[in-house]
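> need a structure here:
(4 chains)
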Number of protein chains: 2
Amino acid sequence: MKRKCFAGESCPIARSLDVIGDWWSLLIVREALLGKRRFSEFQKSLGVAKNILTVRLRKLVAYGILEMVPATDGSTYQEYALTEKGRGLHIVLMALWQWAEGCLFESGGQEFVLVDRKDGEFVRPLALQAKDGRSLGPGDVNFVPRQKSECRQPEPSTKNGKKLR
Amino acid sequence: MKRKCFAGESCPIARSLDVIGDWWSLLIVREALLGKRRFSEFQKSLGVAKNILTVRLRKLVAYGILEMVPATDGSTYQEYALTEKGRGLHIVLMALWQWAEGCLFESGGQEFVLVDRKDGEFVRPLALQAKDGRSLGPGDVNFVPRQKSECRQPEPSTKNGKKLR
DNA sequence: CCGTATCCATTCCGATACTG
DNA sequence: CAGTATCGGAATGGATACGG
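Next up is the predicted model:
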């Protein structure tokens, strides 16, 4: 049986699963928001196989989240740039980030979460900045790689020997 | 090869993919936020196969997003209730909702997006309410099923005959 | 009503080798 | 560098039948 497709669904949530509902797309967008533009940059930083990176990039381009632009340096290759639509996802990433930060980590030590965003453009390279209680709206913040973290694995409690997922 | 697991990753985004990175979990949470509590309610509204619903529910429980509570009515069965952690996801859903609303739809006709949330508890059954420009913070809004929508399929433009995904 | 068990097709993902 | 081709294993998802 074919996998159920949500492209015709009326619910935006379901719709968006078609776009970012897979394993890698969101992470690619994250990397793009952090300034990555080249195939090899995505490939190295994510450690994803090249073939699926190809497919994912192609899908994101098809959905208008990324677009291919001529390389900024002299190379003959293309680069992948976020469209406006793609940049709009940064709020989603922010929300997810904050949720996971609060729920999936045992916060150990100092936490680095947010960094200011230069108006309209994301700065790069990104400097870490300590959380200081300043309330930053989702419009003027950016997310950066987390420095260190203790891991509170949820201990999926596979009682009665059932595998999860 | 085993699928790469992000459980040990330091990035919260990657981490959260372990929890909600699959096809159904987010939709289950959405339904839960809309008031669904019973196995059959999820099953009917989502149209998901029962076996994978079982696995997904079990995973969400294991991750502390849902918890099993005795049924509110007289039945002997359990119900699935959102934990605080699970309710925290509603901001993520909101963000995703709004993004998809703006980018994945050709907005035709009147749009129904948000409805007030009774303090702390989500009302149910949900009444649709027209968007009126009032700026509601993500803390006091709820999302409801969309009424109708025109579909702007992104026309994945599978040029050179390559299949996407 | 609430699952569980089984079967099967499809899809996803990673590794590797290869091309221009 | 930026992919493409191919392979195999794993996970996903659907249908159905079954049991408490």
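> A:Glu84: neighbouring residues, count only.
Residues lying near A:Glu84 (other C-beta atoms under 10 Å in any protein chain shown) number 10. Quick note: C-beta positions are derived from backbone N, CA and C, even for glycine.
> Now do the same contact list for it.
Listed by C-beta atoms under 8 Å, 6 or more residues apart in numbering or on different chains, A:Glu84 has no contact partners.
> before we move on, what about A:Leu93?
Per C-beta under 8 Å, 6+ apart, neighbours of A:Leu93: A:Leu26, A:Val29, A:Arg30, A:Leu33, A:Phe143, B:Ile13.
> Which helix or strand contains it?
helix A:89-103 (DSSP states H and E).
> Could you list the buried residues of stretch A:57-75?
A:Leu57, A:Arg58, A:Lys59, A:Leu60, A:Val61, A:Ala62, A:Tyr63, A:Gly64, A:Ile65, A:Leu66, A:Glu67 (16 or more other C-beta atoms under 10 Å in any protein chain shown).
> The fourth one should be in a helix, yeah?
Going back to what we said before, that points to A:Leu60. Yes: assessed with DSSP: H, G, I helix; E, B strand; the rest coil, A:Leu60 lies in a helix.
> was I right about it contacting A:Val29?
Yes: counting by C-beta atoms under 8 Å, A:Leu60 touches A:Val29, with 7.3 Å between them.
> Identify the contacts common to the two.
In contact with both A:Leu60 and A:Val29: A:Gly86, using C-beta under 8 Å, 6+ apart.
> the helices in chain A, which residues?
A:12-20, A:25-33, A:39-46, A:50-62, A:84-87, A:89-103 (DSSP state H).
> Check those helices for me and report the most buried one.
helix A:12-20 (a mean of 24; mean count of other C-beta atoms under 10 Å in any protein chain shown).
> Who are the packing partners of that helix?
Under the contact criterion of 3 or more C-beta pairs under 8 Å, 6 or more residues apart in numbering or on different chains; DSSP states H and E, helix A:12-20 touches helix A:25-33, helix B:25-33, helix B:89-103.
> Mind doing that once more with 6 Å?
Judged by 3 or more C-beta pairs under 6 Å, 6 or more residues apart in numbering or on different chains; DSSP states H and E, helix A:12-20 is in contact with helix B:89-103.
> quick one: average pLDDT of the helix it packs on?
Averaged over helix B:89-103, pLDDT sits at 81.
> could you check the angle helix B:12-20 makes with that helix?
Orientation check (axes from the mean of the first three to the mean of the last three C-alpha atoms, to 10 degrees): helix B:89-103 against helix B:12-20 gives 100 degrees.
> do you know which of the helices of chain A lies nearest DNA strand C?
Nearest of the helices of chain A to DNA strand C, taken as C-beta to the nearest atom of the strand: helix A:50-62 at 4.2 Å.
> Are the closest one and chain B in contact anywhere?
Yes: using C-beta under 6 Å from any C-beta of the partner chain, we find that helix A:50-62 touches chain B at A:Lys59, A:Ala62.
> Can you list the helices and strands that that helix packs against?
Other helices and strands packing on helix A:50-62, by 3+ C-beta pairs under 6 Å, 6+ apart, are helix A:39-46.
> Could you tell me the angle between the helix it packs on and helix B:12-20?
70 degrees.
> what residues does helix A:39-46 touch?
A:Leu27, A:Ile28, A:Glu31, A:Lys36, A:Lys50, A:Leu53 (C-beta atoms under 6 Å, 6 or more residues apart in numbering or on different chains).
> ok, and which of those reach DNA strand C?
Contacts with DNA strand C within those, as defined by C-beta under 7 Å from any atom of the strand: A:Lys50.
> Quick check: the residue of chain A nearest DNA strand C.
A:Trp23 (2.6 Å).
> residues touching that residue, list them.
Taking C-beta under 6 Å, 6+ apart as the test, what A:Trp23 contacts is B:Gly21.
> The one 3 residues further on too?
For A:Leu26, the contacting residues are A:Ile20, by C-beta under 6 Å, 6+ apart.
> still on that earlier bit, and the least confident of the contacts of A:Leu93?
Among these, A:Phe143 has the weakest pLDDT, 38.
> A:Gly102 - nearest residue in space that isn't next to it in sequence?
Spatial nearest neighbour of A:Gly102, chain neighbours left out: B:Gly88 (6.7 Å); criterion: C-beta to C-beta, 6 or more residues apart in numbering or on different chains.
> And for the one you found, the neighbour number?
Applying other C-beta under 10 Å, we find 17 residues neighbouring B:Gly88.
> Quick check, pLDDT for A:Arg15.
80.
> Wait, it touches B:Gly102, no?
No: here A:Arg15 lies out of contact with B:Gly102, judged by C-beta atoms under 6 Å, at a distance of 11.4 Å.
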